Structure formats: structure tokens, C-alpha cells
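Enquirer: Below are the sequence and a predicted model for it; my questions follow.
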Amino acid sequence: MKSVAGAAPIGSPARQAWSVAVRGVVQGVGFRPLVYRLAARHRIAGWVLNGERGVEIHAEGDAPSLRAFVAELQANPPAAARIASVERRRVAVEGFAAFEIRESERRETPSVRVCSDLPACDACLRELFDPGDRRYRYPYVNCTDCGPRYSIVRGLPYDRPLTTMRDWPMCAQCAREYADPLDRRFHAQPVACPQCGPAYALESAGEGVLRGYDAIVQTAAALRGGAIVGIKGIGGYHLACDARNPRAVAALRERKFRKERPFAVMVRSCAGARELVSLDERAEALLRSQARPIVLAPATADLDGVAPGNAELGVMLAYAPLHHLLFDAGAPRAIVMTSGNRSSEPIAYRDDDARERLAGIADALLVGEREIARRVDDSVARAGAWGVTVLRHSRGYAPQSVAELPAGDPILAVGADLKNAVALVVRGQAFVSQHVGDLEHLDALDSFKSTVAGMLALYEVDAGAVTVAHDAHPEYASSQHARTLAPRLRAVQHHRAHVASVLAERGAFETPVLGFAFDGTGYGEDGTIWGGEIFSGTLAGGLQRVAHLRSARLPGGDAAARFPVQAAAGFLLAAPELHDLCDFEAEPFSFPPRFCQARELLEKNVRTFATTSMGRLFDTAAALLGFTRPITFEGQAAMWLEHLATQAPGAAAYPFPFDGRELDYAPLLAALVRDRLAKRDVRRIAAAFHAAVARAVVAACDALAPERVVVSGGVFQNAVLNAHLHERLGERLWTNRSVPPNDGGICLGQAAIASFPNVEPA
């Protein structure tokens, strides 16, 4: 151990010792090597290690050097690091002669923030395509600045024995890099090379197995030839095909049972993305961000069958070395990359499972030998003038801490049954899992249970010692599972959780707000179907329902969510003034027989339910403008309506009055129907509808005069509506930033409400 040149001598009165605790995303991102190099630069002795809560440092030197050391550490952390706090205090001088990296310590339950999976960095990509480099064309190239993290972690702290790389011993060269503090692979846990690491193999029925780079070349050729290939990625399998080959895209839809839901497309670069979509600076920055999400942007290319009936296309950049190799080997310039599953099932991530479940869909499988610890789908996001809206919180974002809540006993929040995600609060840090999916399917329910167990195991939390927050709906599968986990349960009303998720992100526990929760379905306190709710209050003191959408009658209950004309029957007949406007079975409406059947249910009061759902009001408007068929995926009719509205900006709003207690949709629908009968352009009608909803929110704000306005719920995924609201409400408006406004953010709201045990539950 060398002495530290230039440091205050051991025993000198000028020598001080500081204990420095760094919290945040600081493990698995090259933080310890950076600390080591900074210590050498500032003549600091001592040590650094990974602890359960973050990075722990003991630093000895003179006071100016210590201050400069900590200041540079905070100002220039590793690119993938996210420092939440740096705490320092004076401690006793121990007389260290040098600085060292120590083995990780285990003293208590971990609460460190696990790093998300990272895209390949520029340095690794240079090696990947350098014929003189020993990692030339190696699909698992990585370093401390990039590569898998969350998808390979089995336990904390983040060290190789607790990852899926534990069964791949390093060769002598990799071990030297791993042990050299000046090497960029110093303590890079997934480090490997072609001599000691995992590889890829292409499995094709009747053609055997092809290994190594040859497998990648053949995969690229198969995609060019119109084949569908299952490709193992960072967090699971993708199903891939040529996005510009309509026959391949149609075959993928048929085999996957995915009728119309849009596919995402992967390209190699932003230049490739610009061939498909219109990118402004915000969208391009999001596309290139470390999360590398699927970014929704206005489509400019006609990719037959990829995103039918949509004005937007989801694009993402290649993020794994394998993806870059595929493009370099001649894969199509635009590749459909969709989850490796049948529709509504969770993504396949284990090899044997992929071989079984993707048989009959994929013509071949490109299988990687590195095991995936947990399935992690691609994230989905959109960039707007108001910032980024995360629509699916998964790879690149999960399992980041998205909020700091009042410290106390651990809280597990199990989310909703649609777009499920799970939150775990440990020492006040709220960690949100990757997207799980819709729990109505058995495989997805099993995935949900394994995600819950995995989160508890990762942070070493005993299920019996947590408070479990769940949706107030007694029949939700997530709520039923909650009752098997712990004796301390907290039921949280669905729409309060939506509003609370925004407040939790902002750390606004005492701030009075007016909160709007607009979505399709949620269990109301009165047993009816809520979805157009207005709350007033604070997170710490409770959120009271003060107003809502005028109630309608919904024939068939949940079935109305699949048939827009069924929802329309309820809304049109709930208001007597709309009864005799026209014949909805004739032009220009021509509703199918299901409308009459739904009306009969209403007239007989059979299987009809009261609802205040704003989502069903959007479905009603879509039906009136021509979307009279069943939907094939959740939110399809509302998305169709939104895309119509994007084509007619500036339309004047329809009336949508607020009387202090209710938002009255009857004048809105009456005006819409009259314009439809007058054969007004449906795009302008759709735009006027969106403007009316925004106008109604503003009218409620004007009447109730809040200082802050919060909006959340699936309806607020709508970019047209959001643009109206931000224009009218400005900085008064708070929206979700880190978790989705849809049910994927419910778990955070549940955890936030449960963190205030003295507030009366819904």
C-alpha cells in the first residue's frame, strides 16, 4: 500500500477525517473507481465501499483537500449515477497511508437504489467494431458506464456473486481489468469477453444451431428475408421482423393474436428515426436518453400494418450491443421489436419458456447464454412542451426510487389490476418495479406474484413486517393477493391513489391541491364505477371528493369498456334532453345492433351500473364520430379520437359546464351530435371535444380556486388534452413525471397514502 504523496502527514494537526455517505443511484455505475481516482488527485487517504444504503467513504487529508474532493465528487459523478444526497461528518483520524476500495459491507437491510439497465456506451461500441480489439463483435461487451444492471441483479449490494454473471469466471485479462482502478472496467460486475463470457446461438427448426457471430449474421439475413425471429435482449425476448415488409408484419399480428395494437420499431440511430417520425429537440433528447425508451412521435412514414389507425409511431434506438451488431450485419433499417409473448401474456425471459411459448410465432430464436434475473419490458414515453410523460415504467427507469416518503416501517403497494406495477418503500425510499401487465391472465398474475416476492427479497424485507397497501376494489386479484401477505392492510381508493402519485413525486405532503382523476374504471366508495373525480385537500391530511362527472348509466358494466356504442347508449340516455335528438341507428351514426341491446338493458334496468367515468365519455364521443366497432386493446377508441383531434388544432370548445358539484356532459354531447348531423368535419368535432374537457377542468379550477392543480389517470395520457391544460393553467398544473398517469402509477399513490397512517382510508 503506497502512501499518499502530498497529503497531510499522519499525526499532523492539519490532518482531518471525514465520513462521507453518498445516497442515490451510486452502485453499478462506476462510483467507487471515480472515488478512488479523485482521492489520488486530491491526496486523500482512506477507503470506499458499497454499503446497504449507498456508497460509504472514509477520507483523511487536510481540510482544503477534503472539501475539494467532496465538491468534485458531487459536481462530476459518473454519467449513470444519480446522487440523492451527500452526508459528511468529522470522525476520528485512523492514520491511513493510502486509499483503497474495500469489499462491500453487510450490516442491515439494504435500501440502496439499484441502477437501471444502461445502453451500450460509445467506448464499448468503438471496441465492438474494432477488428484489433479482443472484444470485436462480442455481443456482451460492457463496462462501468454501461450494460445490464437491474435485469441481472439477484441481491444487494451490487457485486458479481449476487448477479447472473456469477457462473462465468473471469479470464486472466478480464480479471486484470476488473482489479485495475484506472481501467474503465474496474469493478464492472458483468465484465466478460469471448474467451470467458456467454455467447449467442441461433436455433432454427430443421436447421440446427448456429453459434457466435455467424448466428447474428444469419439472424440479420432471416429478418431481411421476411422471417420472424425471437431475440433475447436485456430483460426478455423480443419478436422481431422487417417493419417495411407488410407480409411479415401481418404474419406477426396473426401469430401473436395482436389485432391492431401498435408495434414499436427499433432503428440504429436518430437519423434512422427521422425517416419514420417527426422529431423535435425534446423527442430526440428523450430518444437518446440513458433510459432509451420507446418514444411516441408523429409518424411520417407509412409502415403498412405497424401502427394501424394511429398518427403516432413508437420508435426506439438500438441499446444493447447485440442490436448494433444486427444492424451492422445487414438487418433491415427499421425492425419491429415487440414483446416476446402472445397478446396479454407477460414477456418471455427464460430460454425454455421462450422455446415453448414462442413456438408457432417465431421462425427461429436467437438465444443468449447470460441468464436474465427478472423480466423487464421496454419503457414507453412521450416528450411534450410540458416535459416527459412516462407511459410504461420499465427498462431504463425501474427500479429507481421515484419519491421520498415519511420514514417508518416498510410499505408494499401492490398496484391495480391493469398495467400493474409494484412499489416498495424502505427507509422512506419508494422503489417502483418494472411494468408487470394486466392481471386478468394467469401468467401475468404469476408474474405479479414473482415481482412482489422479488422486490421483497432484493431489499430483504419480511412480508410479515410490512404494511400492504392495495386497491379498495375487493375483487381485484392484486387486492386478494395482498390479503395473503401481511396482517397490516391498507385499502386505498383508486382515484385518490392517482392524485397521491403526483403529490408523492413532488414531495408535496402538506400542499393543498385540487386533484382531477380521470380514467376508465375505478371502484368508488359508494360502490359505483368512478372515473371522473375531483378531490380537494392534502396528502398528509386527506383528499376529499368534492365533485365529479355527472353520473351516467352503464349497461353491461365492464363490457361497455370493450364496446364504445354500449357506453354511448348509457351516456346518451342518461340525460333526458338527449333522448330525441336523432335516430342513432341511421346515418351519420349507424350504430350496430349492440346499441339497441344496450338500450333495452337500460330501459329494463337490467345489468346497468351508475358511473362517473370520463374514459367512457371519451368512448361515447368516439362512437358518435364513427368508432362503432369493438376495441381490440384498452384505450383504442380514445386514442382514435385523440388522433382525429391532432389534425384540427384551434377548434372552439363545446360547452361543458360545472355547477360546483358536477361536470355536466349533456350540453357537450348535444352540441357534438348537432355538429355531426350538420356534417361538420369529424376532426374539428374531435378537437372541440378535447377543448371542452380542458375547459371543464379550468371551469372547476375557477370555481374552487386552488393554488395547485393535480391531474392524473389514464385520460391524462392524452397529449392534446395535456397541451390545452398546460396552456391554460401554466405552472399551477402538476402532472406525473416519473411514474405513468395510467394505472402503472397507482402503486406509488397507494404507498404515499399508506405512509400517513392517521388519515382515514377510503
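Expert: It's in. Numbering: from 1, shown residues only.

Enquirer: Could you use CA atoms for every contact and neighbour count after this?
Expert: OK.

Enquirer: Domain boundaries for this structure, per the record?
Expert: What automatic domain parsing lists as the domains of the chain is 15-101, 200-368, 548-734.

Enquirer: tell me the contacts of the nearest residue to Glu60 once chain neighbours are set aside?
Expert: Spatially, and ignoring its direct neighbours in sequence, Glu60 is nearest to Ala17 (4.3 Å; CA to CA, 6 or more residues apart in numbering). Counting by CA atoms under 8 Å, 6 or more residues apart in numbering, Ala17 touches 58-61, 90-94.

Enquirer: For my notes, confirm Ala17 occurs in a strand.
Expert: Yes: according to DSSP: H, G, I helix; E, B strand; the rest coil, Ala17 belongs to a strand.

Enquirer: Specify the beta-bridge partners of it.
Expert: Glu60, Val91 (DSSP bridges).

Enquirer: Distance of it relative to Trp47?
Expert: 11 Å (CA to CA, to the nearest Å).

Enquirer: which residues do the two both contact?
Expert: By CA under 8 Å, 6+ apart, the residues touching both Ala17 and Trp47 are 58-59.

Enquirer: quick one on the thing from earlier: just put the domains of the chain in a markdown table and tack on mean pLDDT and distance to Cys115.
Expert: Shown next, in a markdown table, are the domains of the chain (pLDDT from 0 to 100; distance: least, CA to CA, whole Å):
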| stretch | mean pLDDT | distance to Cys115 |
| --- | --- | --- |
| domain 15-101 | 92 | 6 |
| domain 200-368 | 96 | 11 |
| domain 548-734 | 94 | 27 |
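
Enquirer: for those, which one sits closest to Ala752?
Expert: For Ala752, the closest of the domains of the chain is domain 548-734, at 14.7 Å, according to CA to CA.

Enquirer: Identify each of the helices in the stretch 551-700 of the chain and give its residue range.
Expert: Ranges of helices within the stretch 551-700 of the chain are 564-574, 593-604, 614-624, 636-645, 666-677, 682-704, based on DSSP state H, counting those that start in this stretch.

Enquirer: Figure out which of those helices is closest to Thr164.
Expert: Closest among these, using CA to CA: helix 636-645, at 38.8 Å.

Enquirer: Roughly how far does the nearest residue in space to Ala696 that is not next to it in sequence sit from Phe516?
Expert: What sits nearest to Ala696 in space, not counting adjacent residues and going by CA to CA, 6+ apart, is Phe656, at 5.5 Å. Taking CA to CA as the criterion, Phe656 is separated from Phe516 by 16 Å.

Enquirer: same deal with Gln27?
Expert: 38 Å.

Enquirer: what's the residue closest to the geometric middle of this structure?
Expert: Nearest to the geometric centre of the chain sits His393, at 0.8 Å (CA atoms, centre = their mean).

Enquirer: Over to the residue nearest to Ala696: give its phi and psi.
Expert: Per-residue torsions, Phe656: phi -150, psi 70 (degrees, to the nearest 10).

Enquirer: going forward, begin numbering at 30 instead of 1
Expert: Got it, first residue is 30 now, which makes that one Phe685.

Enquirer: check contacts around it.
Expert: 692-697, 721-722, 724-725.

Enquirer: List just the nearest of these to Phe745.
Expert: Using CA to CA, those come closest to Phe745 at Val722, 10.9 Å.
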